[in-house]
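Asks: what shape does this take:
(4 chains)
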Number of protein chains: 2
Amino acid sequence: MSKAAATRETILKKAFDLVYRQSYQATSIDDIISQLQVTKGAFFYHFRNKDMMGLAMIREVMAPNMEPYMIHVLGSTPDALEDIYQMVKGLLLLNPTLDSRYGCPAVNLIEEMAPVNEEFRKALMQLMLKWQDALEKHLREAQIIGQVGKEHDAKQIAMYITAGYSGIRNIGKIFGNQAYVNYLQQFKIYLESLR
Amino acid sequence: MSKAAATRETILKKAFDLVYRQSYQATSIDDIISQLQVTKGAFFYHFRNKDMMGLAMIREVMAPNMEPYMIHVLGSTPDALEDIYQMVKGLLLLNPTLDSRYGCPAVNLIEEMAPVNEEFRKALMQLMLKWQDALEKHLREAQIIGQVGKEHDAKQIAMYITAGYSGIRNIGKIFGNQAYVNYLQQFKIYLESLR
DNA sequence: TGCAAAACATACCAACTAGTATTTTATGTC
DNA sequence: GACATAAAATACTAGTTGGTATGTTTTGCA
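Replies: Numbers count the residues shown, from 1 in each chain, chains lettered A, B, ... in the order given. Predicted coordinates for the structure are as follows:
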């Protein structure tokens, strides 16, 4: 990787780091560059403005980051519903980069930016669709091999699962990790009802 | 009500209005007062600083506002689970003051402020607890009269329901009202599994 | 009716914001 | 090694922010 590409990448990664803890709008460009050996000239050489940087952050940091935990993890056990349970449990309790206090980077950005910036909304919708589509496909395959009842709507279930995850990320911000533990118990009950 | 109390109230209500659409941190004091016949002197006479106003807004506008739709509505049909379904449906699809684009005022504020301001976190936790406690009580009564299985944990279900609601408010910001309709179908299935 | 306190109005400030204009340095290519 | 361009550094600006200092008006009440 060229030095220029490395500069661009460090900006995006530091931005992601700060945005996760402070929100996008509360993270200033000065915030980002002051924690790196990067000046404002470099920042605006690589990005036309702050929003272009934010969109690049979604596509080049957040999208690749989520794949292993939200998509590739599906298929790691013999049981499809257990896979899904483990995916959510992994995200909530086992992922060392995520903190109940700060929630989920994607959920946070949707909450903050979708209503006020149409380009962010679209980019974040792509992110969420990638997850939902993977879940839907996983559920359909489970229906074929008899692990999930054929009477259920895979697409709807996929959306319901992501909604539940988003929601407990919100509740977790006020009640902490204990909310995750309680949620997972009810989530398990829900998943079992799909067999 | 005294004129001074009225001034205070209009500030809080206009703040709520703007915060709902723009978020708390993106709503400036100038924003609020410029849309009213109120000056900065009046604002800082009634509130020590912006955050004290925000906390007053939670306790004096948001908390009373939520009660009819989130608590008193429980008990309006003969069936406890139908009550809960209608409550969520009412919030998502029938409430004219809420918009899928902007989500739910309480969920938004939790998402934004809980991680960065401990006082906001506590005030919002009280808000959420009031809802969860009402749901829990409602579920316990339903268990006694045989409308909900006694094997279920009412407190956990109450939290799970609020998490689901929070989550679909998030998803709704990117997919719009159609997400609400889909969610409600799955939510109904979940509720029925509790009988 | 007088007067103190409450309620508000006005003018201001220092810190911070995204973004620009201009200059300097690094890098690859012939 | 010359030269063009990419990459980055520096200094600046206009606008916005929460908050303050100080002055004026309104209100309740002795």
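Asks: by contact count, what packs against the top helix by length along chain A?
Replies: Assignment by DSSP state H gives helix A:118-144 as the longest helix of chain A. Helices and strands touching helix A:118-144, by 3 or more C-beta pairs under 8 Å, 6 or more residues apart in numbering or on different chains; DSSP states H and E, are helix A:50-57, helix A:63-67, helix A:80-89, helix A:105-113, helix A:154-175, helix B:154-175. In this view, the C-beta of every residue, glycine as well, is placed from N, C-alpha and C.
Asks: could those helices be laid out in CSV, adding mean neighbour count and distance to B:E9?
Replies: CSV is the format used below for these (neighbours: other C-beta atoms under 10 Å in any protein chain shown; distance: least, C-beta to C-beta, whole Å):
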stretch, mean neighbour count, distance to B:E9
helix A:50-57, 18, 36
helix A:63-67, 14, 44
helix A:80-89, 20, 43
helix A:105-113, 24, 28
helix A:154-175, 25, 27
helix B:154-175, 25, 27
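Asks: which one of these lies nearest to DNA strand D?
Replies: Closest approach to DNA strand D among those (C-beta to the nearest atom of the strand): helix A:50-57, 13.2 Å.
Asks: what kind of secondary structure is the closest residue to A:K89 other than its chain neighbours in?
Replies: Counting by C-beta to C-beta, 6 or more residues apart in numbering or on different chains, A:L184 is the residue found nearest to A:K89 once chain neighbours are left out, at 5.7 Å. At A:L184 the chain is in helix, as set by DSSP: H, G, I helix; E, B strand; the rest coil.
Asks: number of nearby residues for A:L184?
Replies: 16 (other C-beta atoms under 10 Å in any protein chain shown).
Asks: so it makes contact with A:V88?
Replies: Yes. Contact status for A:L184 versus A:V88: in contact at 7.0 Å, counting by C-beta atoms under 8 Å.
Asks: so what pLDDT did A:S2 get?
Replies: pLDDT for A:S2: 85.
Asks: and the residue sitting furthest away from the middle of chain A, what is it in contact with?
Replies: Residue farthest from the centre of chain A, counting by C-alpha atoms, centre = their mean, is A:G41 at 30.7 Å. Contact analysis of A:G41 by C-beta atoms under 8 Å, 6 or more residues apart in numbering or on different chains lists nothing.
Asks: distance between the ends of stretch A:170-184?
Replies: 14 Å (C-alpha to C-alpha, to the nearest Å).
Asks: what's the mean pLDDT across that stretch?
Replies: Mean predicted confidence for stretch A:170-184 is 98.
Asks: give me the contacts around that stretch.
Replies: When contacts are defined by C-beta under 8 Å, 6+ apart, stretch A:170-184 is touched by residues A:85, A:88-89, A:92-93, A:100-103, A:107, A:111, A:164, A:168, B:107, B:110-111, B:114-115, B:121, B:124-125, B:128, B:155-156, B:159-160, B:162-163, B:166-167, B:170.
Asks: check stretch A:14-25 too.
Replies: Contacts of stretch A:14-25 (C-beta under 8 Å, 6+ apart): A:27, A:31-32, A:35-36, A:53-54, A:57, A:61-62, A:65, A:102, A:105, A:108-109, A:112-113, B:23, B:25-26, B:112, B:115-116.
Asks: and DNA strand C, which of these reach it?
Replies: Among the contacts of stretch A:14-25, the residues lying close to DNA strand C (C-beta under 7 Å from any atom of the strand) are A:27, A:31.
Asks: centroid residue for chain A?
Replies: Chain A, centroid-nearest residue using C-alpha atoms, centre = their mean: A:A106 at 4.0 Å.
Asks: that residue against A:M128, yeah?
Replies: Yes. Between A:A106 and A:M128 there is a contact at 7.3 Å, judged by C-beta under 8 Å.
Asks: the residue of chain A at minimum distance from DNA strand D in helix, strand or coil?
Replies: Nearest to DNA strand D in chain A, going by C-beta to the nearest atom of the strand, is A:G41, at a distance of 1.7 Å. Judged by three-state DSSP, the three-state class of A:G41 is helix.
Asks: quick one, grab the pLDDT at it.
Replies: At A:G41, pLDDT is 96.
Asks: check A:Y160 too.
Replies: 98.
Asks: ok, now how distant is it from chain B?
Replies: 4 Å (C-beta to the nearest C-beta, to the nearest Å).
Asks: could you report the neighbour count for the nearest residue to that residue once chain neighbours are set aside?
Replies: Residue nearest to A:Y160 in three dimensions, not counting chain neighbours: B:Q186, with 3.9 Å by C-beta to C-beta, 6+ apart. B:Q186 is flanked by 23 other residues according to other C-beta under 10 Å.
Asks: again with A:H46
Replies: 18.
Asks: swap in A:A4?
Replies: Should you count by other C-beta under 10 Å, A:A4 turns out to have 11 residues around it.
Asks: give me every residue that touches it.
Replies: A:H46.
Asks: that one sits in which helix or strand?
Replies: Assessed by DSSP states H and E, A:A4 sits inside helix A:3-22.
Asks: wait, does that helix contact DNA strand C?
Replies: Yes. Using C-beta under 7 Å from any atom of the strand, helix A:3-22 comes into contact with DNA strand C via A:K3.
Asks: now do the buried residues in that helix.
Replies: Residues of helix A:3-22 classed as buried: A:7-8, A:10-22 (neighbour count, 16 or more other C-beta atoms under 10 Å in any protein chain shown).
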